[in-house]
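> next input, structure requested:
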Amino acid sequence: MLTVAVLISGTGSNLRALLEAAASPDFPARVVVVGADREADGFVHAEDFGIPTVLVPFREFETREQWGDELRRQIDVWTPDLVVLSGLMRLLPQGVVDAWAPALINTHPAYLPEFPGAHGVRDALAAGVAETGASVIVVDGGVDSGPILAQERVAVLPGDTEATLHERIKPVERRLLIDVVRGIATGEIDLDAVAATP
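Numbers count the residues shown, from 1 in each chain. The predicted structure follows:
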C-alpha cells in the first residue's frame, strides 16, 4: 500500500478527490497526513476522513529554508512513500525537493510546458489560445519544469473567464492526479525511471 502525504494551501479540492478515491478498498494508496503552510480550509477534508494534519506556518520562519526544514521534519515523521503538492502555493526549498524527489509530484492547471507558474489559467486566457489543459508532474528545482507524468487538453470556450475555465480544468486535474497516484502505487509509473530520463 502506497502511503501519501498531501500538502495544501487552500480549499483542497484535489485533496478531497484523492481522499474519496483512497477510501475505496481496492485503491492501492492511502493518505497518511495532510500538511499546510497556513490555516487552510482544506483541513476540513482531512478531518472528515480522520487524517492527521500538520500546520507549519510560513510566516513564523525567518527564511524559506528554515520553513522547509521544519515542514520536511514534520512530514517525514509519517514516512510517506509519496508527497503530493495539491495547491501548495509556496515553492519548496531546493533541499526539500532534493530530499523527497522523485517521489514528489504536483498538479498544474495548464498543459505544460505551456503556462507554468502561479497564474496558468489567467496566462492561457491572456494568450488567446484555443486550448489549455491540466498536468501532473514530478517536482524538480524549476517552476513547473519537472518530468510530465500525465496531461490532458481542455478547450477554452468563448466568453470564458479565469473562474469558469478553472472550474472546467479542476475535474480533469483531479482525475489525472488519482490516475497517477494509482499508477505509482501499482508500479505502472516508475518515478525513478521517469526522473532519470533526459
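> from now on I want contacts and neighbour counts done on CA atoms only, so please keep to that.
Noted.
> who's in contact with the helix ranked longest in the chain?
Ranked by residue count and defined by DSSP state H, the top helix of the chain is helix 162-186. Helix 162-186 is contacted from outside by 1-2, 14, 17-18, 21, 27-29, 107-109, 121-122, 125, 133-136, 149-152, 154, 156-157, 189-191, using Cα atoms under 8 Å, 6 or more residues apart in numbering.
> report the distance from it to the chain centre.
Here helix 162-186 is found 10 Å from its chain centre; the criterion is Cα atoms, centre = their mean, to the nearest Å.
> now that helix: mean pLDDT?
Helix 162-186 shows a mean pLDDT of 97.
> go on, stretch 35-44?
Here the average pLDDT along stretch 35-44 is 96.
> what comes up buried for it?
Residues of stretch 35-44 classed as buried by neighbour count (16 or more other Cα atoms under 10 Å): 35-38, 40, 42-43.
> again with stretch 92-108
92-93, 96-97, 100-108.
> take those residues and write them to TSV, including distance to residue 172.
Putting the buried residues of stretch 92-108 into TSV (distance: Cα to Cα, whole Å) gives the following:
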residue	distance to residue 172
92	25
93	28
96	28
97	26
100	26
101	24
102	23
103	22
104	20
105	16
106	14
107	10
108	11
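> now, which of those residues lie within strands?
Taking DSSP state E, the ones among these that sit in strands are 104-108.
> for this protein, just list every one of the helices.
Counting by DSSP H, the helices of the chain are 13-22, 43-48, 64-76, 94-100, 120-127, 162-186, 191-196.
> in CSV: those, plus distance to residue 84.
Output for those, formatted as CSV (distance: least, Cα to Cα, whole Å):
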stretch, distance to residue 84
helix 13-22, 9
helix 43-48, 14
helix 64-76, 12
helix 94-100, 10
helix 120-127, 19
helix 162-186, 9
helix 191-196, 13
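> wait, which of these is closest to residue 145?
helix 191-196 (11.8 Å; Cα to Cα).
> give me the contact list for the closest one.
In contact with helix 191-196 (Cα under 8 Å, 6+ apart) are residues 102-103, 138, 147, 184.
> of the contacts of helix 162-186, select the buried ones using a PyMOL command.
Those of those that count as buried under 16+ other Cα under 10 Å are selected in PyMOL with:
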select buried, resi 2+14+17+18+21+27+28+29+107+108+109+121+122+125+133+134+135+136+149+150+151+152+154+156+191
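> wait, which of the helices of the chain is closest to residue 54?
Set against residue 54 and scored by Cα to Cα, the helices of the chain come closest in helix 64-76, at 7.2 Å.
> quick one: low-confidence ranges for the chain?
Within the chain, not a single segment meets pLDDT under 70.
> which parts of it belong to which domain?
Listed by automatic domain parsing, the domain ranges of the chain are 1-100, 109-137+150-198.
> format the ones you listed as CSV; extra columns: distance to residue 143.
CSV is the format used below for those (distance: least, Cα to Cα, whole Å):
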stretch, distance to residue 143
domain 1-100, 8
domain 109-137+150-198, 6
